[in-house]
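Novice: Give me a model of this one.
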Amino acid sequence: MESTKISEEGYWWLPESPEKKIPGKLEFNDQNGGTLLLMGSIREINSTSPHSNEKLIIGIGTNGTKYTLENCSQFSSTYLTSGISKISYNISVIYQNFSFTKPDDIVFYKMSIQFSNLKDWVMRDQFKITHVQEEGESPQSEEIKIIRPLKKTIAIGRDHLEIACSSASSIGVDSFTLKNRRRINIILYEPLSFANFFQKYIRHIQNYLSLALGKAVYPISIIASSKNAINEFPDGKKIPAPITIYAQYYSYPEDFPQIHPLRVLFLFSDIKNDFEQSFNLWISKVDLLEPIIDLYFGTLYNDKLYLQSKFLNLTQAMESYHRRRYGGTYTSPEENEKLSNILNGAIPPNIASDHKESIKGKFKYLHEFSQRKRFKDLIHILHSNYGDIFDKYLENSNQFVEDVVNTRNYNTHFDENLKGKAKDGFDLFVLTEKQKFLLEICFLSEIGFSKERVVTLLNKTQKYQFLLSYKEWNPR
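Specialist: As a prediction, this is how the structure comes out:
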């Protein structure tokens with residue numbers, strides 16, 4: 001994929017001072033985000049506070065393109081011998097194709113988003129090329145058939161989400177270009193700012209697609225519509241301006257290789273009829289699963305994370321999932337408080353105060369399941385629901401629990417007594433992948449996949465086939 005870039009010279013001003021236009025250059029790329037370099041100060045320089053943060057800066061490029069820059073933070077200023085100052089800003093969000101003059105006006109009722117690898121999930125081409133030939137002769141021509149556009153719409157409360165697949169063509173003097181277009185459109189009942197739009201929907205769609213494809217998916221193009229951004233034409237016609245939004249929320253990879261359909265967890269075709277229920281469940285359980293989601297996808301989106309850190313994140317995710325989904329205490333909090341009071345009374349009075357507080361702190365959680373107990377309990381639940389597929393990939397559940405707990409404790413406390421029991425190298429990689437496998441089963445069950453469908457999907461995908469080979473190399 002070609003990197004998203006802006007490099008635009010033009011004039012820039014504050015909404016309240018349109019008469020004071022300053023020449024400068026706007027730049028944006030996926031790696032560094034947005035910056036604005038001005039050849040002069042956009043406002044009067046305050047000697048007590050030389051750096052300024054601007055809520056909005058408006059601009060127009062030399063080619064006539066309009067810009068609104070939101071949340072602009074000055075990070076450097078240089079004064080030249082000519083008396084001109086060079087001032088640089090970091091830009092949080094760039095809105096291209098319209099000039100907003102009030103922050104409260106920057107709200108949107110629709111966003112159309114292109115996600116990386118969305119084509120690998122939807123897997124639907126909008127045209128088909130066939131060769132036309134007479135019997136016994138070589139092909140004389142090619143026939144292109146345009147397939148009826150796909151639009152799958154689901155309701156999310158009073159809002160709507162569309163998966164739209166269509167084609168676009170362009171004709172040159174001696175060329176004809178036909179492209180597939182696959183986007184996800186979100187239409188809101190009540191408009192939202194971009195930041196709130198992102199938090200409410202975009203990041204959850206991104207995580208859902210990343211879970212399905214087993215790879216990090218990113219929003220790579222966002223086009224929005226606002227009732228406060230209308231283009232008026234000489235004939236009186238009014239249409240919403242197509243506002244392209246640029247913001248750096250991630251460190252994007254250089255490209256997005258195609259994902260083979262046998263390497264994914266599930267495709268759109270696997271859930272087409274149940275997509276509305278599945279995605280609504282995903283949205284509704286964000287609060288319950290948020291710590292688990294953050295830990296799981298934190299490893300997926302950060303491919304430079306050390307293997308030990310990935311393992312510890314997924315270990316914590318599994319423990320948190322059991323706590324949030326199943327609870328797990330030996331006694332009630334009230335009974336534990338009584339026990340804690342008894343134990344507190346038995347603490348020797350002559351020990352250091354910080355030592356005493358440390359001991360008291362541990363007493364507060366004596367009623368909760370240990371990590372080992374939580375893992376065993378979760379493994380038992382999953383095994384009872386997915387027995388055959390579970391045994392297929394997890395050859396010895398008791399040993400798995402011991403390996404996870406010992407490896408976690410060693411990498412947390414670095415107890416030399418545990419070093420020989422902790423996994424490292426390829427064995428640690430396999431242990432980490434097994435945790436991913438178990439967490440993905442948990443996610444699938446949370447978004448409405450039946451036991452039978454989970455087993456079917458896991459039997460179809462080849463993403464965990466190497467675990468079977470590992471069993472042969474390293475039998476228990």
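
Novice: got the buried residues for stretch 454-469?
Specialist: By neighbour count on 16 or more other Cβ atoms under 10 Å, the buried set for stretch 454-469 is 454-455, 457-458, 461, 463-464, 467. The C-beta positions use only the backbone N, C-alpha and C, and glycine is treated the same way.

Novice: Export those residues to JSON lines and append columns for secondary structure and pLDDT.
Specialist: Shown next, in JSON lines, are the buried residues of stretch 454-469 (DSSP: H, G, I helix; E, B strand; the rest coil; pLDDT from 0 to 100):
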{"residue": "454", "secondary structure": "helix", "pLDDT": "93"}
{"residue": "455", "secondary structure": "helix", "pLDDT": "91"}
{"residue": "457", "secondary structure": "helix", "pLDDT": "92"}
{"residue": "458", "secondary structure": "helix", "pLDDT": "91"}
{"residue": "461", "secondary structure": "coil", "pLDDT": "90"}
{"residue": "463", "secondary structure": "coil", "pLDDT": "89"}
{"residue": "464", "secondary structure": "coil", "pLDDT": "88"}
{"residue": "467", "secondary structure": "helix", "pLDDT": "84"}
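
Novice: Show me which of those is closest to residue 359.
Specialist: Closest to residue 359 out of these is residue 467 (42.2 Å), distances taken as Cβ to Cβ.

Novice: Spatially, what comes nearest to that closest one if we skip its sequence neighbours?
Specialist: residue 393 (4.9 Å; Cβ to Cβ, 6 or more residues apart in numbering).

Novice: Residue 370 versus that neighbour, what's the distance?
Specialist: As defined by Cβ to Cβ, to the nearest Å, residue 393 lies at a distance of 25 Å from residue 370.

Novice: Specify which residue of these two has the higher count of neighbours.
Specialist: Counted by other Cβ atoms under 10 Å, residue 393 and residue 370 do not tie: residue 393 has more neighbours, with 19 against 14.

Novice: now stretch 191-206: mean pLDDT?
Specialist: The average pLDDT within stretch 191-206 is 96.

Novice: Give the buried residues for that stretch.
Specialist: Using 16+ other Cβ under 10 Å as the test for burial, stretch 191-206 gives 191-192, 194, 197-198, 200-206.

Novice: quick one: terminal-to-terminal distance for it?
Specialist: End-to-end distance of stretch 191-206: 20 Å, with Cα to Cα, to the nearest Å as the criterion.

Novice: just how off-centre is it within its chain?
Specialist: Centroid separation for stretch 191-206 versus its chain: 11 Å, with Cα atoms, centre = their mean, to the nearest Å.

Novice: cool, stretch 253-272 as well?
Specialist: Relative to the centre of its chain, stretch 253-272 is centred 15 Å away, using Cα atoms, centre = their mean.

Novice: Next, the buried residues of that stretch.
Specialist: Those would be 256, 259, 263-268, 270-271, for stretch 253-272 by 16+ other Cβ under 10 Å.

Novice: Kindly check the end-to-end length of that stretch for me.
Specialist: 29 Å.

Novice: coming back round to it: just flag the most distant two among the buried residues of stretch 191-206.
Specialist: The most widely separated members of those are 191 and 206, with 21.0 Å between them, by Cβ to Cβ.

Novice: For the stretch 151-300 of the chain, just list every one of the helices.
Specialist: For the stretch 151-300 of the chain, applying DSSP state H, counting those that start in this stretch gives helices covering 194-197, 203-213, 268-271, 275-284, 286-301.

Novice: other SSEs contacting the fourth one?
Specialist: Yep, that's helix 275-284 we're talking about. Packing partners of helix 275-284 (3 or more Cβ pairs under 8 Å, 6 or more residues apart in numbering; DSSP states H and E): strand 150-156, helix 203-213.
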